[in-house]
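Chemist: Build me a model:
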Amino acid sequence: MTVGNGATPTGNCPDTNLVLIVDDEEPNLRLLSRVLTRAGFRAAVATSGEQALSMLEGYRPDLILMDIRLGGMDGLEAIRRIKANPALAGIPVIAVSAYAMQEDFARAEEAGASGYVTKPFRMREIVEAVKMHISARKGRP
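Modeler: Residues are numbered from 1 along each chain as shown. Predicted coordinates:
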């Protein structure tokens, strides 16, 4: 499977859960990809909401980590569009933001996010959130 600019998702087991990471900051993409790959996931990346939506036309990740502050289409709008598409609506989306205000949590939830994590990243929290949401989607404890 190829994604985005023709790159293959990181991680070497096709049966491993695929996480799409959407962030416009290259260091964040590298860090999250590395951490999730080491935790046993495959990772694909998009640098904009538009690119993520385009990538979703060709494949279905098991979960999306979506930065809500993106250039162009923001992450909240991308989440709304994902959730409005019946073919994509079942994919859990975890919103990612540097803001930890209650209003931000509420806005992400209203857009359709399944969860919310804040920057700076706490890697254990992210890995656990990803595991929990994927397991819930697949009906596993």
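
Chemist: how about the helices of this structure, start to end?
Modeler: 26-38, 49-55, 75-84, 102-111, 123-138 (DSSP state H).

Chemist: now those helices as TSV including mean pLDDT?
Modeler: Listed next are these as TSV, based on pLDDT from 0 to 100:
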stretch	mean pLDDT
helix 26-38	96
helix 49-55	97
helix 75-84	97
helix 102-111	88
helix 123-138	90
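
Chemist: can you redo these as a markdown table with mean neighbour count and distance to residue 63?
Modeler: Quick note: C-beta positions are derived from backbone N, CA and C, even for glycine. Shown next, in a markdown table, are the helices of the chain (neighbours: other C-beta atoms under 10 Å; distance: least, C-beta to C-beta, whole Å):
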| stretch | mean neighbour count | distance to residue 63 |
| --- | --- | --- |
| helix 26-38 | 16 | 10 |
| helix 49-55 | 20 | 12 |
| helix 75-84 | 20 | 12 |
| helix 102-111 | 15 | 15 |
| helix 123-138 | 16 | 5 |
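
Chemist: Of all the ones you listed, which one comes closest to residue 20?
Modeler: helix 49-55 (6.4 Å; C-beta to C-beta).

Chemist: Return the distance of that closest one from the chain's centre.
Modeler: Averaging C-alpha positions (C-alpha atoms, centre = their mean, to the nearest Å) puts helix 49-55 12 Å from its chain's average.

Chemist: which strands and helices sit next to it?
Modeler: strand 18-22, strand 42-46, strand 63-67, helix 75-84 (3 or more C-beta pairs under 8 Å, 6 or more residues apart in numbering; DSSP states H and E).
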